[in-house]
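Participant: Everything below, folded, please.
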Amino acid sequence: ARLCQLLGDFPQCLPRGRKLSLAFCQQLVRSIAHFQSQGSREAELRLYVSQVTQVSGLLRSVWKAEPDTLLPSLQELFAVISAADTSFEPSVALASLVQHIPLQMITVLIRSLTTDPNVKDASMTQALCRMIDWLSWPLAQHVETWVIALLKGLAAVQKFTILIDVTLLKIELVFNRLWFPLVRPGALAVLSHMLLSFQHSPEAFHLIVPHVVSLVHSFKRDGLPSSTAFLMQLTELIHCMMYHYSGFPELYEPILEAVKDMPKPTEEKIKLILNQSAWTSQSSSLPSCLSRLSGKSETGKTGLINLGNTCYMNSVIQALFMATDFRRHVLSLNLNGCNSLMRKLQHLFAFLAHTQREAYAPRIFFEASRPPWFTPRSQQDCSEYLRFLLDRLHEEERTLKALSSAKTSESIMNEESQTQEPAHKAQVFAEAPCRGSEERTLIEKMFGGKLKTTICCLNCKSMSQKEEAFTDLSLAFCPPTSLENVGPKSMERSEVKDDYVVQTDILAASPAGETPLNNLEVNGGCDTVMSEGTIKDISTEPNSENTTNSELNKVQDNRDMSQGLVGKNTLSVTDLLNYFLAPEILSGDNKYYCEKCASLQNAEKTMQIIEEPEYLILTLLRFSYDPKCHIRRKILDNVSLPLVLELPVKRATSPLAVVSAGCSVVVHSGVSSESGHYYSYARNVTGPCTVVENELDTEMPREWFLFNDSRVTFTSFQSVQKITSRFPKDTAYVLFYKKQNSTCGFNTNSSNGLWVNGDPPLQKDLMDAITKDNKLYLQVRRK
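Facilitator: Sure thing, here's the model as predicted:
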């Protein structure tokens, strides 16, 4: 500093000529890198900062006198901050030079730096980390401009690994700078860019989440206008991130409480901000260093890595995995040498149960189970995926049993006679599925129930009855008036002929040629899942006895546009179930063709559950097609979820209410089926499922889990119940209930003693694959 003062007084003593000037500038850069403050008191720090400012001022005057020395000086600066020498940490005093670099040079310098093949990724990472440290320099100007420009430059050349590493290393430090008013503007600019561009994973945002509340309270306490302005900017940023990474209510609740009196940006503004900022529109194509090498969470459960908008699959798989009896049956199957979808599900379940990894990437299962009409990397309907998956597993098992049965029949025939006609063989093979289907498939045993549909002609009182199997029930939203008195529903527009009724999610044959494009149809008179578009006329119209068609459309449109407007009474799952089972009047264009009357007649249709499943799957029909906008809009009404559900079952002997207990809830976060995010809550049920009504008061700790792709955390049933009231676009969509006092005939006290946590021992080849992967993972983690 004294030298600089001397040279300021005697400028003729400064080195002249490019060569000498350049050597002098490069040495000055190296000298500044070694500057360290000798004390920690304010007076000492003020003196230190002023002395550094004197030295950098001298460097600026040389650059002005000899412009050719600027670029080599900056190259020297980069060499210093990118050096990998761990014994020497360059001083943040180098930040004092940034303000003297002309801003118009940013574009050229950043481009040459990011495209230089001689600059290795490790060097760039080191340099960028040190530049971010410069945000701590109190008098630095334009540091944030250069840091953001470099971050953008690296994104432009797709150096995503550097960006991910630097963001995760430094985001907490950047956030910490917000406590200090002098450096707050620059720190907030860099923090905003880091968070808004890092859109492929919540990891960076979740590093700062624990520190947000205390900072917000600090801003509120000091009451300065500048603090209030910064708080508004910070709140907007935090709302954007919570919107983008929904599904973490436990993390976000305290933040929402802290900022509840601050303005909240509109959804349109949030979307605009997010769309402008991402590194890449295909953020899901980023390298999978996203799954950081960390061990399992404290829950002991394994997450599922999102492979690019695959949360619809992940949430369903976790719900099925947590259906304990189903999981145990799948794991106990002997499927060696079989390449079936069930074998792949067994493989996935085994890894979820036994891997050491925090999260598992289900790539093989995804490719095998994805419906052919689902576009890869785009959001899909998890309910549609679940039906397709269960249907495939069911049909696959039936086919294998039929083949096995046919082979047995063929071998018997060969023994009896070697001269049978080929046509006769084909006939026996064709008959085999009928014999094989007498034994129920695993899907039927676990999820299969039966409905009886009765249609009574109101003219001649003759009745037509039909029994149909189901694996899930889709519950339409009823109008509030229906809750008080569930009377006959008016049905005037759906197609009903003879005794055939199109019913949502019923496993029944579909008439040829009438199946919509995205329906799932299986030959052999089993398992057809009708699309919601077809069902809507029957079960999604909020009909009441005296409602006209125009009023129906009006009610439906209002509900579609409601965006979460809830009536005075919150609907419950029981209300929706009662509405589903309520009698329906078939009249008008929807009259019933009565065989006895030989004409179209008004009729009453009733449905009864006559056989309950072990696991009851309920889908809340939240999406309905909007022909104006060509999207399926979402009904955001809150629905209260009972932990215990009484299912009315009308048996031939005597009616009874089968009690089911809450097992899993798949939540959709978003406002349409084409967008948003899925996550699931699940309850750890290990023994026979019994729940008493007042169990909420005595809930076992740590028996509910929240599965959100790679992340698994403990939660509670109270959190499940209040999710929509706290996060209005997060709504329960698919529910799993387990029949009480039932173990599905599974004896967990196996004599071999090898059962782990009640799960059966794995096949040897599967256990070997998991052991091998665990060893590999631990080796990589140690490195």
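Participant: Three-state assignment for the closest residue to residue 591 other than its chain neighbours, please.
Facilitator: Of all residues not flanking residue 591 in the chain, residue 600 sits nearest, at 3.9 Å (CB to CB, 6 or more residues apart in numbering). (C-beta placed from N, C-alpha, C; glycine too.) What DSSP: H, G, I helix; E, B strand; the rest coil gives for residue 600 is strand.
Participant: For residue 600, give its distance to residue 730.
Facilitator: 45 Å (CB to CB, to the nearest Å).
Participant: of these two, who's got more company?
Facilitator: For the pair residue 600 and residue 730, the greater number of neighbours falls to residue 730 (21 against 17), based on other CB atoms under 10 Å.
Participant: these two touch, right, that one and residue 724?
Facilitator: Yes. Between residue 730 and residue 724 a contact is recorded at 6.1 Å, counting by CB atoms under 8 Å.
Participant: can you count the residues close to residue 232?
Facilitator: Residue 232 has 15 nearby residues by other CB under 10 Å.
Participant: do residue 152 as well
Facilitator: Count around residue 152 with other CB under 10 Å applied: 15.
Participant: Secondary structure element holding it?
Facilitator: Using DSSP states H and E, residue 152 falls within helix 143-156.
Participant: Determine the next helix or strand in the C-terminal direction from that helix.
Facilitator: Counting by DSSP H and E, the next helix or strand C-terminal to helix 143-156 is helix 160-176.
Participant: distance between that following helix and the chain's centre?
Facilitator: 23 Å (CA atoms, centre = their mean, to the nearest Å).
Participant: Can you spell out which helices and strands pack onto it?
Facilitator: If contacts are counted by 3 or more CB pairs under 8 Å, 6 or more residues apart in numbering; DSSP states H and E, helix 160-176 sits against helix 121-133, helix 143-156, helix 184-197, helix 203-222.
Participant: what's the weakest-modelled helix or strand in the chain?
Facilitator: helix 532-535 (a mean of 26; mean pLDDT, DSSP states H and E).
Participant: List the buried residues of the longest strand seen in the chain.
Facilitator: Taking DSSP state E as the criterion, the chain has its longest strand at strand 656-669. Across strand 656-669, burial judged by 16 or more other CB atoms under 10 Å covers 658-669.
Participant: Considering those residues, which is situated nearest to residue 140?
Facilitator: Nearest to residue 140 among the buried residues of strand 656-669, counting by CB to CB, is residue 669 at 40.1 Å.
Participant: any chance you could map the strands in the stretch 501-650 of the chain?
Facilitator: 506-507, 571-572, 584-586, 592-594, 599-601, 603-611, 615-620, 623-626, 631-634, 639-640, 644-649 (DSSP state E, counting those that start in this stretch).
Participant: Quick check: buried residues in stretch 323-335?
Facilitator: 323-333, 335.
Participant: Nearest spatial neighbour of residue 616, chain-adjacent residues omitted?
Facilitator: Residue 616 sits nearest to residue 737 (CB to CB, 6+ apart), 4.3 Å away.
Participant: Residue 397 against residue 341, yeah?
Facilitator: No. With contacts counted by CB under 8 Å, residue 397 stays clear of residue 341, the gap being 9.7 Å.
Participant: For the two, indicate the residue with more neighbours.
Facilitator: Neighbours per residue, other CB under 10 Å: of residue 397 and residue 341, the larger number sits with residue 397, 21 against 17.
Participant: Spatially, which residue comes closest to that one, not counting chain neighbours?
Facilitator: residue 441 (4.2 Å).
Participant: Surely residue 670 is in contact with residue 731?
Facilitator: No. Residue 670 lies out of contact with residue 731 (CB under 8 Å); the separation is 9.1 Å.
Participant: tell me, what's touching the two both at once?
Facilitator: residue 634 (CB atoms under 8 Å, 6 or more residues apart in numbering).
Participant: separation between residue 676 and residue 408?
Facilitator: Look at residue 676 and residue 408: by CB to CB, they are 49 Å apart.
Participant: Report the buried residues of the helix ranked longest in the chain.
Facilitator: Using DSSP state H, we find that the single longest helix of the chain is helix 382-416. Judged by neighbour count (16+ other CB under 10 Å), helix 382-416 contains these buried residues: 382-398, 400-402, 405-406, 409.
Participant: can you list the domain ranges for this structure.
Facilitator: If you go by the TED database, the domain ranges for the chain are 1-101, 301-401+614-692+700-742+759-782.
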